[in-house]
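> sequence first, then the predicted structure, then my questions.
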Amino acid sequence: MNYSCNKAATKYFPLPWRFSQQSVADALSASLDRLQVASVALYQVHWPLSFLLSQQDLMQALAAEVKRGRIGAVGVSNYSASQMRQAHGYLAEQGVPLAVNQVQYSLLNRKIETSGVMATARELGVTILAYSPLAQGLLTGKYTPDSDLKPAGARRISPSFSQENLTKLKPIIQALKEIGQEHGRTSAQVALNWLVAQGNVLPIPGAKNARQAAQNAGSLGWQLTIDELDQLDRLTQDYR
């Protein structure tokens with residue numbers, strides 16, 4: 001069957017029994033068959049695990065697939081600053097750049113700013129793909145200590161959604177709401193725009209339907225003011 005190329009992206013998980021460079025090629029082949037495409041725009045390593053296949057061998061295998069044309073760009077996920085630098089180095093030896101590092105990043109999780117991940121990504125020209133950019137919904141403004149609305153699933157018992165934590169977040173949520181009103185945007189759109197304003201960050205919020213996708217798109221095409229950025233920075237310093 002002849003498959004065409006599209007803008008699909010998928011991930012490779014370094015399972016223990018994937019112990020050779022050929023296993024990387026085989027995993028990619030299986031993904032391409034499932035997606036029914038000839039290549040993917042982005043192929044990411046899901047986690048920085050090394051069992052019998054070293055990071056050097058893994059990156060060499062991924063670089064080979066870029067040269068083969070089955071991968072457009074190589075990315076990683078949840079890599080520390082040193083792990084990202086190592087992966088970048090191994091790929092550079094093959095003449096292939098490291099495109100992205102997908103990590104958790106939001107106004108309520110700014111640890112990459114102090115762990116070295118952000119600085120290293122900027123130095124190496126790596127884009128940060130920010131997952132959980134709305135902190136599981138906490139930054140949408142839907143959940144407040146005075147609201148009867150409760151999160152579903154595991155979030156219901158998460159300390160992040162406790163009355164105590166929601167009370168602690170009130171100044172941040174209020175600021176997002178007020179800034180949003182100034183721009184005709186939602187609190188969530190403000191939180192996402194703050195991420196975009198960091199320069200080398202692309203937030204990847206979830207969307208269960210077309211309405212939510214359109215809401216997410218509303219975070220683009222406008223800019224927070226310097227004063228607004230400073231305000232949000234001050235309010236969330238404790239989350240670095």
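Looks like it arrived, so ask away. Everything numeric in this text was worked out from a predicted model, so none of it was measured. Residues are numbered from 1 along each chain as shown.
> how about the residue nearest to residue 35 when sequence neighbours are not counted, what does it touch?
With Cβ to Cβ, 6 or more residues apart in numbering as the criterion, residue 35 has its nearest non-adjacent residue at 5.2 Å, and that residue is residue 8. No exception for glycine: its C-beta is placed from N, CA and C like everyone else's. Residue 8 makes contacts with 35, 37, 40, 41, as judged by Cβ atoms under 8 Å, 6 or more residues apart in numbering.
> and the pLDDT at the second one?
Turning to residue 37, the model gives it a pLDDT of 95.
> and the helix or strand of the chain with the lowest mean pLDDT, what does it pack onto?
Here the helix or strand of the chain ranked lowest by mean pLDDT, DSSP states H and E is helix 210-217, holding a mean of 85. Counting contacts by 3 or more Cβ pairs under 8 Å, 6 or more residues apart in numbering; DSSP states H and E, helix 210-217 is packed against helix 187-196.
> continuing past the helix it packs on, what's the next helix or strand?
Proceeding C-terminally, helix 187-196 gives way to strand 201-203 as the next helix or strand, assigned by DSSP states H and E.
> buried stuff in that following strand?
When burial is assessed from 16 or more other Cβ atoms under 10 Å, strand 201-203 yields the following buried residues: 201, 203.
> strand partners of that strand, parallel vs antiparallel please.
Here the strand partners of strand 201-203, with direction, are listed using DSSP bridges: strand 127-131 (parallel).
> so for the partner strand, mean pLDDT?
Along strand 127-131, the predicted local confidence has a mean pLDDT of 98.
> relative orientation of that strand and helix 187-196 in degrees?
Using axes from the mean of the first three to the mean of the last three Cα atoms, to 10 degrees, one finds that strand 127-131 and helix 187-196 are set 160 degrees apart in direction.
> how about the CA coordinates for strand 127-131, as CSV?
Below are the C-alpha coordinates for strand 127-131, written out as CSV (Å, rounded to 0.1, in the frame of the first residue of the first chain):
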residue,chain,number,x,y,z
THR,A,127,11.8,24.3,21.2
ILE,A,128,10.1,23.4,24.5
LEU,A,129,6.8,21.6,23.9
ALA,A,130,4.9,22.5,27.1
TYR,A,131,2.5,19.7,28.2
